[in-house]
Structure formats: C-alpha cells, structure tokens
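**Student:** need coordinates for the following:
(2 chains)
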Amino acid sequence: QKEVEQNSGPLSVPEGAIASLNCTYSDRGSQSFFWYRQYSGKSPELIMSIYSNGDKEDGRFTAQLNKASQYVSLLIRDSQPSDSATYLCAVIPGNQFYFGTGTSLTVIP
Amino acid sequence: DTGVSQNPRHKITKRGQNVTFRCDPISEHNRLYWYRQTLGQGPEFLTYFQNEAQLEKSRLLSDRFSAERPKGSFSTLEIQRTEQGDSAMYLCASSGPRLGTYNEQFFGPGTRLTVL
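**Tutor:** Reported below is the predicted structural model:
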C-alpha cells in the first residue's frame, strides 16, 4: 500500500466551476498535510498546508482534513484556466515526506 | 532572487560516470531536502538535512548516492557510476522559520539528469 494515494485523473472542469481533488494516506500517525501545484516542466509550488481536522480556506482554495478517515482534499472555487496543472498531495509521517502521484486538472475555458 | 537555486539545470552524462549537483537553500532555512521525480510520478524523498546533519535517508537510496551539507548552507548530491535508471529530475527543497513553518517546503527549479 502506498503511503499517499491520489486519483491520477485527468480531471476536467469548466471555467468557474469547483474542482475537487482527493487524497488518502496510510499512516494514521501523520500530522502534517500539504497540497502542491506543479505546472508541466516546473517544480512543485506550495498551495496549502493543514494540520487540524476541518477546513482551512485561503482565497479560492479550501483544504479539508479528516484524520479519522485518513482523507485530505482540496477544493478550488471559481476555477480558472491558469489552475490547469498537476496537484500533489504530501504527507509527513515521521521524518520523511511522501507525495502522491498527483491529479492532473484541466480547466476548460 | 531569494528562492532555492540548483545547479546545473541540465546534465547529460554517459552511463558509469559520476555526477554532482548543487543546491543553495533559501537564506536561513536550516532544513534541506533532496527528491527525485520521474515522469508521471510525484517527488520521491531521498534524504533530509537539518543544518549539517543528515537526519533521514530513504531506504530506496542505493549506496551510489551520497549527499552532504558540510557547513549547513548549500548541499551537494553525488551519484556514482550512473545508470540509465537514474535519469530523472532531481529536486531540492528547503524549509525553516522564514517564509512558513518548518514543514512547509519550498522547491528549487530542479536538475534534469539524462544518462545515456
């Protein structure tokens, strides 16, 4: 079982819609969770971090964490074509940092 | 530019040769990480430094890989006797009290290695 699992997609949404990206993790002791965005040919860019159960909002982005279900998600409201990228979920159990394989998102104008 | 920098950006080498990459973290970041990323995959953790101490090394990392951070500032990653399977993007990230929490990592542009 992989430490972090994501649906690889691709996920396509129309401009202005809500994009929902999901991630599950295997280590119940994980305490820190992150979402990164990666444009093709570029390095990952931190979008959100979340450490407590519940929702955390930052502009058009909302991260949701449910430790009981070992599930973390990212909602992107009012999706824009510039949001088209691969979104990586990352988890820290212990001293290592595990990334999922990423979900490819395409926002259609 | 105060971000993470990596050199070289691209490296082409022949199988069996040794290569070395350099990473300069964000100023004052005391944590530095190395990752490897292949097409269609997320970054794979390789190793992690806090200041000059190497605190964690992936079990997947073969003995041909070694990393150093001698003065707690820049770091080098060396791959000895390269193999075609080493072809990947090598990413460096740093974290620290400035620009976020200790666990929020900021990535450099990466070094793309091609082994012929």
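**Student:** every contact and neighbour count from this point should use C-alpha atoms.
**Tutor:** Will do.
**Student:** residues of chain A that sit close to chain B?
**Tutor:** Residues of chain A found near chain B (C-alpha under 8 Å from any C-alpha of the partner chain) are A:32, A:34, A:42-46, A:49, A:88, A:95-102.
**Student:** backbone dihedrals for the residue nearest to A:Val72 when sequence neighbours are not counted, both of them.
**Tutor:** Beyond its immediate neighbours in the sequence, the residue positioned closest to A:Val72 (C-alpha to C-alpha, 6 or more residues apart in numbering or on different chains) is A:Leu65, lying 4.5 Å away. Listed backbone geometry of A:Leu65 is phi -130, psi 130, with angles given as degrees, to the nearest 10.
**Student:** identify the residues contacting A:Leu65.
**Tutor:** Contact criterion C-alpha atoms under 8 Å, 6 or more residues apart in numbering or on different chains gives A:50-55, A:71-73 as the residues in contact with A:Leu65.
**Student:** of the residues of chain A next to chain B, just the buried ones, ChimeraX syntax please.
**Tutor:** Provided next is the ChimeraX selection string for whichever of the residues of chain A next to chain B are buried by 16 or more other C-alpha atoms under 10 Å in any protein chain shown:
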select /A:32,34,43,44,45,46,49,88,96,97,98,99,100,101,102
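**Student:** anything in the lowest-mean-pLDDT helix or strand in chain B near chain A?
**Tutor:** Ranked by mean pLDDT, DSSP states H and E, the weakest helix or strand in chain B is strand B:53-57, scoring a mean of 89. Yes - in this structure, strand B:53-57 sits against chain A according to C-alpha under 8 Å from any C-alpha; the contacting residues are B:55-56.
**Student:** next SSE downstream of that strand?
**Tutor:** Moving toward the C-terminus from strand B:53-57, the first helix or strand encountered (DSSP states H and E) is strand B:65-68.
**Student:** tell me which other helices or strands that following strand touches.
**Tutor:** Taking 3 or more C-alpha pairs under 8 Å, 6 or more residues apart in numbering or on different chains; DSSP states H and E as the contact definition, the neighbouring helices and strands of strand B:65-68 are strand B:75-79.
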